[in-house]
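Undergrad: coordinates only, sequence not included:
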């Protein structure tokens with residue numbers, strides 16, 4: 001979260017640690033950029049097939065409850081299976097989604113996306129197919 005705050009220093013950041021808090025925050029606001037992690041709670045470590053309490057649960061809720069115009073999504077997770085499920089659900093519903101494990105590639109892409117949001121451009125045409133996911137939601141407004 002600290003690195004995200006450094007990159008997004010001039011932007012308002014809304015942060016949620018779990019799916020229920022994220023739903024409450026997301027339902028009442030509009031965001032230019034949404035940062036999602038898959039592994040949010042301990043349940044996924046005990047049962048790798050569960051979606052309860054994970055970024056996949058939140059992504060599926062987004063698909064059902066929100067419009068794809070709500071914002072672009074960056075999935076930043078070291079959990080490749082969970083990140084892929086999230087990406088598939090979002091892309092199938094028309095969301096602009098990019099996934100990449102946390103690291104330099106992600107941070108570089110995030111800087112580009114912030115620039116694109118600031119200049120009101122979509123990043124869907126320039127997204128390489130990579131993997132990402134912590135339910136962080138971020139606005140592009142200063």
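TA: Sure, I can see it. Quantities reported herein were computed from a predicted structural model and do not represent experimental measurements.
Undergrad: distance from stretch 88-99 to the middle of the chain?
TA: 10 Å (CA atoms, centre = their mean, to the nearest Å).
Undergrad: quick check: buried residues in it?
TA: 89, 90, 91, 93, 95, 96, 97, 98, 99 (16 or more other CB atoms under 10 Å). No exception for glycine: its C-beta is placed from N, CA and C like everyone else's.
Undergrad: ends of that stretch, how far apart?
TA: This stretch, stretch 88-99, spans 10 Å end to end (CA to CA, to the nearest Å).
Undergrad: which ones among the buried residues of stretch 88-99 map onto helices?
TA: 89, 90, 91 (DSSP state H).
Undergrad: so the last one makes contact with residue 97?
TA: Yes. Counting by CB atoms under 8 Å, residue 91 does reach residue 97; the two are 5.4 Å apart.
Undergrad: which residues in the chain form helices?
TA: With DSSP H as the criterion, the chain has helices at 2-7, 19-27, 43-46, 55-65, 80-92, 104-118.
Undergrad: residue ranges with poor pLDDT in the protein?
TA: For the chain, the stretches flagged by pLDDT under 70 are 1-3, 42-48, 102-104, 120-142.
Undergrad: returning to that earlier point: could you dump the helices of the chain into TSV and include distance to residue 73?
TA: Listed next are these as TSV, based on distance: least, CB to CB, whole Å:
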stretch	distance to residue 73
helix 2-7	14
helix 19-27	11
helix 43-46	19
helix 55-65	8
helix 80-92	6
helix 104-118	10
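Undergrad: quick one, which of those is packed in tightest?
TA: With neighbours defined as mean count of other CB atoms under 10 Å, the helices of the chain peak in mean count at helix 55-65, which reaches a mean of 21.
Undergrad: list of residues touching that one?
TA: Here helix 55-65 makes contact (CB atoms under 8 Å, 6 or more residues apart in numbering) with 19, 22-23, 26-27, 34, 36-40, 51, 70, 73, 75, 77, 82-83, 85-86, 89-90, 92-93, 95, 133-135.
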